[in-house]
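Peer 1: Structure here, sequence nowhere to be found:
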């Protein structure tokens, strides 16, 4: 059955691929992008793929954009997909806290604020679905990805509470938790580090940071994003599925082992 789906962060990466894939499958897609040039690029991509999208601007930190999107689409959509996010890296003992604060603004506070009026409308209708693109970083850790990891841990708490508190209203809430994929997002996260980190001034040694950077930018860890996009295209419109949707599934065991290890870790 065709659904009307609004997906944020559709200017690149998973959001772009998923918006196009869902449209190919016959769904009505409202795809939001952060800046107007991304809108032109996305519309050109849709034309090349032979699909139709409604493209709109949504800077998550702009309240006027929030209001305009809800006013236009609040009564139309069946599924809201909060996919937009940003990434910051660096040792938490030294990263400027304003950078961490902005990470939480974009990845936690703004998506919650954007979601609230849609949640109210879904409750009034007695149906609807809210999906958050989180990450396996929401329940495990990676050295020197502290700002991003912390924001995704916070997001997991937000989404779990939304699911519990909206249960019984007809509103479904779920997460999609990708592993590391080659969308360019992981690579760009490390570009943020170079805006402030200076090994001559900061006390955190540079070598382990660069080792982690090489791992996340390398071919061994990052996977083909097509498989993740196909997974999202399959899961998002389903009438029923798991609350937490990790892909690839092989990461589930790694995450469970990590969380179990915290109960026996000594310091």
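Peer 2: All right, it came through fine. Quantities reported herein were computed from a predicted structural model and do not represent experimental measurements.
Peer 1: switch to C-alpha atoms for all contacts and neighbour counts from now on
Peer 2: Fine.
Peer 1: the helices in the stretch 101-250 of the chain, which residues?
Peer 2: Under the criterion DSSP state H, counting those that start in this stretch, helices of the stretch 101-250 of the chain are mapped to 110-125, 146-166, 185-193, 206-217, 225-235, 250-261.
Peer 1: tell me which residues in stretch 245-258 are buried?
Peer 2: 245-248, 255 (16 or more other Cα atoms under 10 Å).
Peer 1: Identify, from the residues you listed, the entry nearest to residue 67.
Peer 2: For the buried residues of stretch 245-258, the residue nearest residue 67 by Cα to Cα is residue 245; the value is 29.7 Å.
Peer 1: Surely that closest one touches residue 176?
Peer 2: Yes - between residue 245 and residue 176 there is a contact at 4.7 Å, judged by Cα atoms under 8 Å.
Peer 1: rewinding a little: with distance to residue 148 and pLDDT as added columns, please give the buried residues of stretch 245-258 in a markdown table.
Peer 2: Output for the buried residues of stretch 245-258, formatted as a markdown table (distance: Cα to Cα, whole Å; pLDDT from 0 to 100):
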| residue | distance to residue 148 | pLDDT |
| --- | --- | --- |
| 245 | 19 | 97 |
| 246 | 18 | 95 |
| 247 | 19 | 91 |
| 248 | 20 | 89 |
| 255 | 17 | 93 |
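Peer 1: between those, which is nearest residue 44?
Peer 2: Among these, and counting by Cα to Cα, the member closest to residue 44 is residue 247, at 28.9 Å.
Peer 1: So that closest one sits against residue 226, correct?
Peer 2: No - the criterion here is Cα under 8 Å, and residue 247 misses it with residue 226 at 11.8 Å.
Peer 1: thinking again about what came up before, nearest to residue 61, out of the helices of the stretch 101-250 of the chain?
Peer 2: helix 110-125 (6.4 Å).
Peer 1: List the buried residues for that closest one?
Peer 2: 110-112, 114-115, 117-119, 121-123.
Peer 1: Not counting its own residues, what contacts that helix?
Peer 2: 60-61, 66, 70, 74-75, 80, 82, 128-130, 158, 169-171 (Cα atoms under 8 Å, 6 or more residues apart in numbering).
Peer 1: List only those of those flagged as buried.
Peer 2: 60-61, 66, 70, 74, 80, 82, 128-130, 171.
Peer 1: so which pair among the residues you listed is furthest apart in space?
Peer 2: The widest separation within the buried ones among the contacts of helix 110-125 (Cα to Cα) is 25.3 Å, between 61 and 171.
Peer 1: What about residue 108, how many residues nearby?
Peer 2: 21 (other Cα atoms under 10 Å).
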